[in-house]
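S.K.: sequence unavailable; structure follows:
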């Protein structure tokens with residue numbers, strides 16, 4: 001959510017125009033500072049939830 005908020009702000013201020021390329025949070029200016037919180041609040045719970053069955057998230061849809 002934070003990344004989307006930042007991208008929307010960039011669009012308004014700097015004429016950001018998405019090209020369809022995926023980038024990591026490390027590639028966004030200042031994004032690396034949010035990585036530990038993102039890993040703790042998003043990545044870690046996903047890994048714990050999916051355990052040894054990461055394909056389960058798609059199968060269960």
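M.R.: Received, thanks. Everything numeric here is computed off the predicted structure, so don't read it as measured data.
S.K.: show me where the chain has helices.
M.R.: 2-14, 35-38, 44-50, 56-59 (DSSP state H).
S.K.: low-confidence stretches in this structure?
M.R.: 1, 7, 10-18, 56-61 (pLDDT under 70).
S.K.: same thing but at 90, please
M.R.: Scanning the chain for pLDDT under 90 picks out the ranges 1-39, 41-61.
S.K.: residue 38 against residue 28, yeah?
M.R.: No. Contact criterion Cβ atoms under 8 Å: residue 38 and residue 28 do not qualify, at 11.3 Å. C-beta coordinates here come from the backbone N, C-alpha and C atoms, glycine included.
S.K.: any idea how far the residue lying closest to residue 24 once chain neighbours are set aside lies from residue 45?
M.R.: Excluding its sequence neighbours, the residue lying closest to residue 24 (Cβ to Cβ, 6 or more residues apart in numbering) is residue 31, at 7.6 Å. According to Cβ to Cβ, to the nearest Å, residue 31 and residue 45 sit 20 Å apart.
S.K.: please compare those two by neighbour count and tell me which comes out ahead.
M.R.: residue 31 (16 against 11; other Cβ atoms under 10 Å).
S.K.: what's the spacing between the more buried one and residue 50?
M.R.: For residue 31 relative to residue 50 (Cβ to Cβ), the value is 24 Å.
S.K.: what is the neighbour count of residue 48?
M.R.: Residue 48 has 8 nearby residues by other Cβ under 10 Å.
S.K.: go on, residue 25?
M.R.: Burial of residue 25 is recorded as 16 neighbouring residues (other Cβ under 10 Å).
S.K.: now do the contacts for it.
M.R.: With contacts defined as Cβ atoms under 8 Å, 6 or more residues apart in numbering, the neighbours of residue 25 are 3, 31, 32, 34, 35, 38.
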